[in-house]
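> predicted coordinates and the sequence they were generated for:
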Amino acid sequence: WSPSPAVDPRKLGSDSSLSWFKPRSLKSPPMYPGWLPLIGHGYQLLGDAKHMWKCEKQYYDFCLKNNDLIQIRLGTHPTFILTDPDDSLTVANNCLEKPSVYRYGENVYGRGLVTANVDTWKTHRKLMNPAFNLQVMQSFVGKFSRQSKFLVSAFASEAGKGPFDIQPYLIINILKIAYQTTFGTKVENNETLKKYSDATEKVLMLILERTQNIWLHLSFIYKMTTSGRESNKLANIMKDITESVMNNRKSELKAANRMDELGESATEDFVSSLDRMLYLADKQNAFTDDEIREHLDTIVGGAYDTTATSLTFILIVIGSHPDVQEKMYQELQKVLEDEERDINKHDLPKLVYMEAVIKETLRLYPPVPRFARTSNVDVKLKNYTLPANCTYMICVYGLHRHAMWGPDKDQFRPDRWLDPARLPKNPNCFASFSMGRRNCIGKLYAVMLIKTTLAYILRHYRIHSDLEKLETRCDIFLKPVAGHFVSLEPRV
Ligand code: HEM
């Protein structure tokens, strides 16, 4: 079988796991150069996270230049990369199953929403949607605000002293917030948080290593390797931390006979995700203990790295655009009527320019630069039919740099978000939070948290940075190589 010659997708069996292996006779999307028998393109990705991103970007640029659909091979497995907004939505809505690469995180995230199979996902997503609606998110703003005040105090020791590494501050701060809103008010001490975040970071690096090395794809081989054993050790560290918080809370609620109270709480009351799930488990038998743990780890894992990374990018970008930063500050002062008060839920929707800056930064630097799906039936797109059981990779980075954004697509222009005429006609050109039915459940959480944190930072400091020095890398998420070129000047 040769990967590049003509494919007749219409002749493919619709549900065979080997359907891509059958002889083909019609056109197929262009193959990225450098394919090798058995190895495919996998060897190109070998290297550190900086190299990985450089290589991925080359695939995406090739895709944009080749009618928005190309193919690569990871080993012998066909992977189709898409940058067309309509085709991307077709895949996102019709192919809800995740490909095998997502299962590399199974020992930690199990049946959490990101990695769950479609049947589990459908039931659990429905149960969990209400826990992320606007009213619930508004009840979190007090916590966002309180923690942001700690952050600006922590910055005091760095302010006025030149560039420093801002990323660790943001990561630990967002992790604390995610931990608080997910597990409730009983936040573990810093040491436990550090242990948890270090384990998460290392688990993600091991997933990346496994993705890059095709000989580690087979589970029985991986389990015997040092990385496989390390991954299980880390998974157990995370499991122990989450399980102990969960069990303590469960006993607490039961002992105080407070489970019923949870069902009666007013919508504006703060109720953690853990409490909401314990209630559903108790009253509707909706989740097992293991499922709750997997969901909680997924929520924290999905929340903190992506949000902290977005904030790092935003600070780097506005630090090099003093005019934009000043406009954000003026808008904030207007909303707060120049008062020294806490940010509240009513302020956030009024920060319209700030939201434009957030979206524009996410457009240029999407923390999740691609996501993938699969399907056990062929998938009909505008110009091709993709064979079943392959990986379809929706390229967020490519959608965000699509020609539809206009000649200034590579420029930072937050104002474009304030004028619908300057945005692409197709709304699916923006997919930072994924798209379609299996999109990010925490989108509202992320935007409200980013706004709150930025509001406190801007009110206390002027940010300086050098965007020219920005280098990017990609483990699972797209990140700055370093966050040490941001400096803060106290506002007096
Ligand atoms: C700027 C920050 C964020 C970005 C860019 C982001 C992006 C994404 C993307 C692209 C996906 C789809 C992933 C895939 O299909 O592989 C996703 C899914 C998900 N995200 Fe987020 N996310 C962010 C913040 C959050 C937050 C704050 C939470 C939780 C509080 C969260 C929880 C989740 C969960 C649970 C899923 C799986 C949803 C499902 O499959 O039903 N994310 N996110």
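Cool, the structure landed. Owing to the predicted nature of the structure, the values given are computational and were not obtained by experimental measurement.

> so which bits of the stretch 301-450 of the chain are right by the ligand?
Within the stretch 301-450 of the chain, the positions near the ligand by Cβ under 6 Å from any ligand atom are 302-303, 306-307, 310, 367-368, 371, 432-434, 438, 440-442, 445-446. C-beta: built from backbone N, CA, C; applies to glycine.

> just the ones of the residues you listed in strands?
With DSSP state E as the criterion, strands contain Phe371 from among these.

> quick one, what contacts the residue in the stretch 51-200 of the chain that the ligand sits nearest to?
Residue nearest to the ligand within the stretch 51-200 of the chain: Leu113 (3.8 Å; Cβ to the nearest ligand atom). Shown in contact with Leu113 (Cβ atoms under 8 Å, 6 or more residues apart in numbering): 121, 124-125, 128, 295, 298, 302, 441.

> how about Lys382?
Counted by Cβ under 8 Å, 6+ apart, Lys382 has contacts 84, 86-87.

> inside helices: which ones of those?
Among these, the members found in helices (DSSP state H) are 86-87.

> now the contacts of Lys382 in TSV, with neighbour count and distance to the ligand?
Formatted as TSV, the contacts of Lys382 follow (neighbours: other Cβ atoms under 10 Å; distance: Cβ to the nearest ligand atom, whole Å):
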residue	neighbour count	distance to the ligand
Asp84	26	17
Asp86	13	18
Asp87	23	16
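
> ok, the contacts of Lys382 vs Val108, which is closest?
Nearest to Val108 out of the contacts of Lys382 is Asp87 (Cβ to Cβ; 31.6 Å).

> the closest one and Cys429: what is the separation?
According to Cβ to Cβ, to the nearest Å, Asp87 stands 12 Å off from Cys429.

> ok, now Thr182?
Going from Thr182 to Cys429 by Cβ to Cβ gives 32 Å.

> count of residues packed around the residue of the chain found nearest the ligand?
Per Cβ to the nearest ligand atom, the residue of the chain with the smallest distance to the ligand is Gly442, at 2.1 Å. Residue neighbour count, defined by other Cβ atoms under 10 Å, stands at 19 for Gly442.

> for it, give me its contacts.
Taking Cβ under 8 Å, 6+ apart, one finds 132, 299, 302-303 in contact with Gly442.

> buried ones among those?
The neighbour count (16 or more other Cβ atoms under 10 Å) marks 132, 299, 302-303 as buried among those.

> the chain: strands as residue ranges?
Using DSSP E, strands in the chain cover 69-74, 77-82, 370-373, 379-380, 385-386, 391-395, 461-465, 472-474, 478-480, 486-490.

> where are the low-confidence patches of this protein?
1-26, 185-189 (pLDDT under 70).

> what do you get if the cut-off is 80, keeping everything else the same?
Applying pLDDT under 80 to the chain flags residues 1-27, 185-190, 208, 211-212, 214, 256-258, 261-268, 483, 492.

> which of the contacts of Leu113 are buried, as a PyMOL select command?
Remark: buried members of these, expressed as a PyMOL selection using 16+ other Cβ under 10 Å:
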select buried, resi 121+124+128+295+298+302+441
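
> just give me the closest of the contacts of Leu113 to Glu468.
For the contacts of Leu113, the nearest to Glu468 is Gly302 (31.5 Å; Cβ to Cβ).

> distance of that closest one from Ile314?
19 Å.

> and Phe132, by the same measure?
Taken as Cβ to Cβ, the span from Phe132 to Ile314 is 22 Å.

> what's the answer for Glu331, then?
For Glu331, the distance to Ile314 equals 15 Å [Cβ to Cβ].

> more crowded one of those two?
For Glu331 and Ile314, the more surrounded residue by other Cβ under 10 Å is Ile314, and the numbers stand at 23 against 18.

> which ones are touching the more buried one?
Neighbour list for Ile314: 357-358, 361, 450, 454 [criterion: Cβ under 8 Å, 6+ apart].

> do Thr452 as well
Thr452 sits in contact with 141, 144-145, 148, 343, 348, where contact means Cβ under 8 Å, 6+ apart.

> can you tell me which of these end up in helices?
Reading helices off the contacts of Thr452 with DSSP H, I get 141, 144-145, 148.

> scan these and report the most crowded one.
Phe144 (25 neighbours).

> cross-check the contact I'm expecting between it and Met448.
Yes. Between Phe144 and Met448 there is a contact under Cβ atoms under 8 Å: 6.8 Å.

> can you give me the helices for the stretch 201-350 of the chain?
219-222, 226-255, 259-264, 273-284, 289-319, 322-335 (DSSP state H, counting those that start in this stretch).

> would CSV of these with distance to Gly160 be doable?
Below are these laid out as CSV (distance: least, Cβ to Cβ, whole Å):
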stretch, distance to Gly160
helix 219-222, 49
helix 226-255, 37
helix 259-264, 46
helix 273-284, 39
helix 289-319, 15
helix 322-335, 17
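
> return the most buried member of those helices.
helix 289-319 (a mean of 24; mean count of other Cβ atoms under 10 Å).

> how much space between Tyr59 and Leu386?
17 Å.

> residues from the stretch 51-200 of the chain in reach of the ligand?
113-114, 125.

> which among those gets closest to Cys390?
Nearest to Cys390 among these: Val114, at 20.2 Å, using Cβ to Cβ.

> tell me the contacts of that closest one?
98, 102, 105, 298, 301-302.

> would you mind measuring from it to Ala372?
11 Å.

> shared neighbours of those two, anything?
What both Val114 and Ala372 touch, as defined by Cβ under 8 Å, 6+ apart, is the set 98, 102.
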